[in-house]
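In: Predicted coordinates and the sequence they were generated for:
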Amino acid sequence: MVLLIDANIVLDYLLKRAPFYDDARQVMQLCSKENITGCIALHTVTAMWYILRKVPEDTRRTALRSICELLQVVGTTHDEVISALDTVEFKDFEDCIQTKCAKTAKADYVVTRNTADFERSEIPVLTPKELLKIVE
């Protein structure tokens with residue numbers, strides 16, 4: 001199984017955000033299993049670098065490096081970015097790019113807490129709780 005993990009899940013995990021941390025931790029644990037490949041979009045890594053700017057740089061580098069060692073960093077193509085720009089039905093451009101990255105990675109699911117913004121996703125979308133029910 002291949003999963004594209006949205007930024008909110010990774011941030012829940014890194015920042016131990018209540019009440020989401022436990023589910024995020026379990027998702028990350030799943031990604032360490034041999035039969036599950038977790039992915040993260042390249043632009044998510046750069047966005048998290050910015051979001052975490054108040055965290056000391058060495059801590060931030062270590063945290064993001066550990067995430068990138070656990071999750072495969074994936075991108076998308078020029079044509080997919082153009083397609084995303086033309087997909088006006090997808091209200092959140094960044095989430096549209098997430099789905100394009102998921103498509104490139106051949107992901108089975110996008111895992112996010114923000115499922116409402118993924119109504120037009122080409123890839124099925126699950127919350128962490130929904131994912132955990134499927135794999136148990």
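Out: Thanks, I have it.
In: From the contact counts, what lies against the longest helix seen in the chain?
Out: What stands out as the longest helix in the chain, according to DSSP state H, is helix 57-70. Helix 57-70 is packed against helix 7-15, strand 37-41, helix 42-51, with contacts defined by 3 or more Cβ pairs under 8 Å, 6 or more residues apart in numbering; DSSP states H and E. The C-beta positions use only the backbone N, C-alpha and C, and glycine is treated the same way.
In: Show me what counts as buried in that helix.
Out: R60, A63, L64, I67, L70 (16 or more other Cβ atoms under 10 Å).
In: between these, which is nearest A18?
Out: Nearest to A18 out of those is A63 (Cβ to Cβ; 18.2 Å).
In: how about the nearest residue to that closest one, chain neighbours excluded?
Out: The shortest distance from A63 to any non-neighbouring residue, by Cβ to Cβ, 6 or more residues apart in numbering, is to L14 (5.4 Å).
In: Same question for F118.
Out: Nearest to F118 is V125, by Cβ to Cβ, 6+ apart, at 4.2 Å.
In: again with L85
Out: F93 (7.5 Å).
In: What's the separation between the one you found and D79?
Out: 16 Å (Cβ to Cβ, to the nearest Å).
In: who's more crowded, those two?
Out: F93 (13 against 9; other Cβ atoms under 10 Å).
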